[in-house]
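Visitor: Let me see the structure of the following:
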Amino acid sequence: MRPSHAAALLASIALAGCSSVPVSPSSSGARPEPRPADCTIEFLEGPPGRPYEELGELSMLVTLVGPNGPLEALRPGACALGADAVIVTRKFVTDDHGHVLVAGIAIQYTGPVPSPSPPVPVTL
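Guide: Got it, this is the predicted structure:
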């Protein structure tokens, strides 16, 4: 790679931490109303235990990790999609400089939280 191409690549990676979150809308067709960029979003390690619909995929290379962690970089994109939560699919350090790749699937809940199952009585 020529030095000018390497410099351009590094510049684009550095700017990625400052730009908007790339969003790939899902094919579900769900388009809820956008929410404010600082809306409340749950970050989940896996699918929730309630019905939901996928709204889109989010990804970001975070170059400057804020005090609330790298996942915060996904919040504006998730809020713009009208999401309730993000199922985190990637979160790992990419180099020795501490850059973090974060990605997830923005979701909207479509049903109520399931009631916990009543305890099963124990018979002796």
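Visitor: Using the three-state scheme, assign residue 105.
Guide: strand (DSSP: H, G, I helix; E, B strand; the rest coil).
Visitor: Around it, count how many other residues there are.
Guide: 21 (other C-beta atoms under 10 Å). Heads up, the C-betas are built off the backbone N, CA and C, glycines and all.
Visitor: dump the residue contacts of residue 114.
Guide: 49-50 (C-beta atoms under 8 Å, 6 or more residues apart in numbering).
Visitor: Begin at 54, not 1, for the rest of this chat.
Guide: Shifting the count to begin at 54 puts that one at residue 167.
Visitor: From residue 119, how far off is it?
Guide: When distance is defined by C-beta to C-beta, to the nearest Å, residue 167 is 34 Å away from residue 119.
Visitor: same deal with residue 84?
Guide: 29 Å.
Visitor: So the nearest residue to residue 86 once chain neighbours are set aside: helix, strand or coil?
Guide: Of all residues not flanking residue 86 in the chain, residue 135 sits nearest, at 5.3 Å (C-beta to C-beta, 6 or more residues apart in numbering). Secondary structure, three-state DSSP: residue 135 is coil.
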